[in-house]
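Peer 1: Here is a sequence with its predicted model. Questions after.
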Amino acid sequence: MRINPNSSIRSGYEFEDLFVMKLCLEWLKRPQLYKSIKIQNIPDEIDTSKFYLDDIVALGYTNNYYYQLKHKQNPDSDLWTFQTLLDKGEKDISLLGKWIRSLLALKEKNNIGHFITNGKPDTELKSCINNEKLDLLKLEKTYPEWYSNLSSYFNNRGEMQNFSNTFSFIFEHCSKEKFDKELRESYYSNLKVTKAGYDNLLIYIINQGGQKYPEELTLKKVKDHLEWFNPRPLKQNFEIPNDFELHDSEKHQQLLHDLKQKEGGIKIVIGKPGVGKSTYLSNLHAILNKDLGLLSIRHHYHLNPKDISYYERLEAQRAEEALKAEFIKLPNKILKALANKNLKHISLREIISHIASYHYCLGKAFILIIDGLDHVLRERKSEKELTDFLDQILFPQNGLWIILGTQELAVKYFQNAIYKKAPKKSWIEIKGLKIDSIYVNTRANIFSPWFGRPSFAGNLNDVITAHCHS
């Protein structure tokens, strides 16, 4: 069978493309590692005929990384030697000499070079490589001729030593097939990337490698081509009136006391329409986050009649996405490994459990507030949308308080876990303000122009008494 004359070239490009995928993987895990990645790039400051570390360039915040990759068709027999690296040949410059001059030509400091190959070094070369760096003392002592050849590219010993410290020789890299398999496994299992997403990014990299002017890879472009999940938030700022008053200060203080306990649990806030459940829970959310330093995350199934997202926020999948959008904003010290994963394929339950465990280790709990369960039943007219969402969040555990706000309508769909952790006698019923509070607020906000009229005070009291919730 005739040998494909282009197989060596094509294999080399495939090897380079996979290595770009590897750098992207590291970048996704550590977003502050690079600013950008460039393929087949020669810095503007360099004469194009004198730069040979151009296969891949990763520009970092601290260091810049230059990669030259060489793929061998027969790595077991076609060995790398001092001869192949340092022989100057007809052009009066060796392969290693080209890399040295390229690195020295860079004006920016903190440049690190890499030579990466699937090939093997012969015994002589291998003996002078220590922790992927060229051992100059060993080279000078054992192979003085090659040492002299190498030193001809430097102005002094210090420059030569600096090159040795900043240039790595990585031999015996795994085969392309094994490399691709390992990368896929890491993308799939560690970052929750789909096969389609991986293939999409790889195709993009392959295409850019063939362009006359390849695009600069940014982290956003990498995520976009991976079809990375970018959860859409929903507005959650339920407006709190300036004259808001607690329905029951004693119950409120007891609730705050309970929510400080790291063991967690479930709280039910129930009441009739219009008594102020959502307003109370919104105020509670603010107190927890701002005053008590506890993490509170919320989802309101209903904000107000003018809310343009009123219908989509009733869907279980959309509510889940909105919560993920809130979770992804949390600091990396809380999210840890989750911060750099594709959350689309990580369940809400897993995310909540992770955050609960983090807070429990700190000796406290985080609070998840879900308000307006009855709106799903009344306006979405779907029991399934409600129960599907509750299935995702209702798993009581240490480090998690779950607060559910609802009218009586949704109670029959509560799971047994709710009654175990929150017996009905412990539910907090919002009955509205007492007469004195309503009287003061009404006078202050509506009837202030008539203050001081003797007949008016008595009439107002009668009106309020007739219509308020006691």
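Peer 2: Perfect, thanks for sending it.
Peer 1: Show me where the protein has its strands.
Peer 2: 34-39, 56-60, 64-70, 111-117, 129-130, 133-134, 167-170, 265-271, 296-300, 366-371, 400-406, 428-430 (DSSP state E).
Peer 1: Give me whichever of the ones you listed is most buried.
Peer 2: strand 400-406 (a mean of 25; mean count of other C-beta atoms under 10 Å). For every residue, glycine as well, the C-beta is placed using N, CA and C.
Peer 1: Which strands or helices does that one pack on?
Peer 2: Applying 3 or more C-beta pairs under 8 Å, 6 or more residues apart in numbering; DSSP states H and E, we find strand 400-406 packed against strand 265-271, helix 277-286, helix 348-361, strand 366-371, helix 373-375.
Peer 1: Just give me the neighbour total for the residue nearest to Ala339 when sequence neighbours are not counted.
Peer 2: Counting by C-beta to C-beta, 6 or more residues apart in numbering, the nearest residue to Ala339 once its immediate chain neighbours are dropped is Asn332, at 4.6 Å. Neighbourhood size, Asn332 [other C-beta atoms under 10 Å]: 12.
Peer 1: Surely Asn332 is in contact with Tyr358?
Peer 2: No - with contacts counted by C-beta atoms under 8 Å, Asn332 stays clear of Tyr358, the gap being 11.4 Å.
Peer 1: for the stretch 1-150 of the chain, what are the low-confidence residue spans?
Peer 2: Within the stretch 1-150 of the chain, the segments meeting pLDDT under 70 span 48-49.
Peer 1: Mind doing that once more with 80?
Peer 2: Per-residue confidence of the stretch 1-150 of the chain (counting by pLDDT under 80) places the weak regions at 1-3, 5, 47-49, 89-91, 108-109.
Peer 1: same question, the stretch 351-470 of the chain
Peer 2: Within the stretch 351-470 of the chain, the stretches with pLDDT under 80 are 380-381, 432-470.
Peer 1: quick one: Asp224 from Trp27, how far?
Peer 2: For Asp224, the distance to Trp27 equals 14 Å [C-beta to C-beta, to the nearest Å].
Peer 1: okay, those two: which has more neighbours?
Peer 2: More crowded of Asp224 and Trp27, by other C-beta under 10 Å: Trp27, with 23 against 15.
Peer 1: show me what contacts the more buried one?
Peer 2: Going by C-beta atoms under 8 Å, 6 or more residues apart in numbering, Trp27 touches Leu33, Tyr34, Ile37, Leu219, Val222.
Peer 1: switch to 6 Å and redo it
Peer 2: Leu33, Tyr34 (C-beta atoms under 6 Å, 6 or more residues apart in numbering).
Peer 1: Test my guess that the residue nearest to Ala339 contacts Asn340.
Peer 2: No - using C-beta atoms under 6 Å, Asn332 is not in contact with Asn340; the gap is 8.4 Å.
Peer 1: separation between Lys35 and Leu330?
Peer 2: Separation of Lys35 from Leu330 (C-beta to C-beta): 24 Å.
Peer 1: same deal with Gly209?
Peer 2: Gly209 sits at a distance of 37 Å from Leu330 (criterion: C-beta to C-beta).
Peer 1: Likewise for Gly293?
Peer 2: 14 Å.
Peer 1: Those two: who's more crowded?
Peer 2: Shown here are Gly293 and Leu330; by other C-beta under 10 Å, Leu330 has more neighbours (17 against 8).
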